[in-house]
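A.B. asks: Have a look at this fold, sequence not included:
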């Protein structure tokens, strides 16, 4: 019957029987809203669980012309478009449009219309070139690193700044990089303190390129402003800027009869300038230096060094080869390892582990020292893979790890010869890669119990780059507490009863819960157990004592990932191997690095470059350094405003 209906839809599509809507705005006005109301874009988008299918909706900021072009592109899947949303043909997203409804009729009418239209012109898609964001505020880590390299200051003043928000997994996304009054005040206070420290007790920390002949020495002032300004603004100062700062320096130096006091005020003013606090891209004569700055913050998370600025001034960054030469030099620096560590800590959300709270009655060993050990284990694995040029997909599948004595006991491994030495997991172990790390397992669990939902969400969003919609407003997502005398239930049984049988919850939870079920043999701090250990604390007895009830429950860890064919697994090792060889996960690694480097989410306009970077990554055996170089030499990265 399904084959017959599919053939019938194809016949209608080709024959174009019946009345067709000829209004050019019909698709945007009548058909596109059907898909929006049905929630199709949530899965069929670059970040959706169905991103690998042929159907991909435009961005939510798409223009009317882009929506029209998208509508015409549906000719390639016309029959399926008529069958899948209504459930006439099996659809992973379930029934989204009621059969024989006005919405169904609108979609069918558009399919018939498509048969009368010429093939879509790709050029008509309004393709726009993608460029780096023209305005990016220094992140707190970039601020600290930059004042360290500019002034030799190691105090890390940005630690006192207001906290940064995570968006799309990172803290540098330009869509939330506003400067609040509180942050503006922090910038002023930090600039004053940094400048004062730089010239404290008459010291200069090597900032002055000359010895002033007088308090208002014009030549020395000009030389200092030119050289310091180049480094602080990461480009040569304009004539107006140079004149302004020289005048400020000389005026203050003359007033106090102290050249250093004038230089201190000039430094303080520069540190409050938008040209220091922001990475501003205007193109034109500054484009070479903008490339240098973009490259330096991407690979070092700090300002360009003198060699990179010299290369920019000499036009050495105008070509792909020139950028690659500098990139390879920069990757050999310890600064590259520090920058990668910043990326890793944000991608893997180390902050969530650091703020995790566990029930001390059940997990007394979960202390700050263990938390830091868990973070260090993940750091060691990732750094080992990147800087020894190994296949980075072993991040998910490695049959070895790096632990100290505390983690070895938690994982039931022999003690390492030295802290964080490499240890192989036993052949029968269910651990593999980061999925077996305490960092991942503890931060995706609750204080008393595991959370298959949180673990599934993390894997979807961080390892597959797929967005899981938030729960409806006002919905209480907390599982009901265990009741004394009631039949003990595993988390799978409780979640299935609450989430997967509810029409309100099942749409999203079927995307995440079945993934987390496969990790249920790991408790809330990452310890493995054969059966779920359930402890229920009743009220105190007549003597004021608490007698917890303990139960051992059989576990069903069979699991799968909706949207990935043949994705059945039942252990963390099987899941890790599955992710390591899955193209969606491999591409997600590229996309996560892209977001960190560019400070924004990727769009369809970046697709061509992302595909090229992924192919370079794949051909290089998934070596992360090769992917880094491929991205910074891409057209998207090298193009300026």
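C.D. replies: That came through, no problem. Quantities reported herein were computed from a predicted structural model and do not represent experimental measurements.
A.B. asks: tell me the centre residue of this protein?
C.D. replies: residue 169 (3.5 Å; Cα atoms, centre = their mean).
A.B. asks: who touches that one in this structure?
C.D. replies: Residue 169 is in contact with 346, 347, 349, 461, 462, 592, 595, counting by Cβ atoms under 8 Å, 6 or more residues apart in numbering. C-betas here are computed from N, CA, C, even on glycine.
A.B. asks: Number of residues surrounding the first one?
C.D. replies: Think residue 346. A count of neighbours around residue 346, defined by other Cβ atoms under 10 Å, yields 21.
A.B. asks: would it count as being in a helix?
C.D. replies: Yes. Residue 346: assigned to a helix according to DSSP: H, G, I helix; E, B strand; the rest coil.
A.B. asks: picking that back up, can you tell me which of the contacts of residue 169 lies closest to residue 409?
C.D. replies: Of all these, residue 349 has the smallest distance to residue 409: 25.1 Å, by Cβ to Cβ.
A.B. asks: Would you list the phi and psi of residue 468?
C.D. replies: Dihedral angles of residue 468 (phi, psi; degrees, to the nearest 10) stand at phi -100, psi 120.
A.B. asks: Over to residue 356: give its phi and psi.
C.D. replies: phi -70, psi 140.
A.B. asks: typed the wrong thing, it's residue 422
C.D. replies: According to degrees, to the nearest 10, residue 422 has phi -70, psi 130.
A.B. asks: picking that back up, look up how far residue 551 lies from the residue nearest to the centre of the chain.
C.D. replies: Residue 169 is 37 Å from residue 551, where distance means Cβ to Cβ, to the nearest Å.
A.B. asks: Could you do residue 608 as well?
C.D. replies: For residue 608, the distance to residue 551 equals 55 Å [Cβ to Cβ].
A.B. asks: do the same with residue 508
C.D. replies: 30 Å.
A.B. asks: More neighbours: those two, which one.
C.D. replies: residue 508 (19 against 15).
A.B. asks: in what helix or strand does that one lie?
C.D. replies: Residue 508 belongs to helix 506-516 when assigned by DSSP states H and E.
A.B. asks: just checking, what packs against the helix or strand following that helix?
C.D. replies: Next along the chain after helix 506-516, taking DSSP H and E as the criterion, comes strand 532-536. Secondary-structure packing of strand 532-536 (3 or more Cβ pairs under 8 Å, 6 or more residues apart in numbering; DSSP states H and E): strand 549-553.
A.B. asks: which element follows the strand it packs on toward the C-terminus?
C.D. replies: With DSSP H and E, the next secondary element past strand 549-553 is helix 572-581.
A.B. asks: got the buried residues for that next one?
C.D. replies: Within helix 572-581, the residues scored as buried using 16 or more other Cβ atoms under 10 Å are 572, 573, 574, 575, 576, 577, 578, 579, 580.
A.B. asks: need these in CSV with pLDDT and distance to residue 334, can you?
C.D. replies: Listed next are the buried residues of helix 572-581 as CSV, based on pLDDT from 0 to 100; distance: Cβ to Cβ, whole Å:
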residue, pLDDT, distance to residue 334
572, 97, 33
573, 97, 34
574, 97, 37
575, 98, 34
576, 97, 30
577, 97, 33
578, 97, 35
579, 98, 30
580, 98, 29
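A.B. asks: Let me see the domain layout of the protein.
C.D. replies: 2-125, 135-338, 350-471+480-580 (automatic domain parsing).
A.B. asks: Out of the ones you listed, the one nearest residue 635 is which?
C.D. replies: Ranking those by proximity to residue 635 (Cβ to Cβ) places domain 135-338 first, at 8.9 Å.
A.B. asks: pLDDT weak spots in the stretch 101-250 of the chain?
C.D. replies: Within the stretch 101-250 of the chain, the set of residues satisfying pLDDT under 70 comprises 110, 114-134, 201-205.
A.B. asks: And the strands in it?
C.D. replies: For the stretch 101-250 of the chain, strands defined by DSSP state E, counting those that start in this stretch occupy the ranges 135-137.
A.B. asks: what ranges do the helices span in it?
C.D. replies: 102-114, 140-151, 181-198, 218-233, 239-256 (DSSP state H, counting those that start in this stretch).
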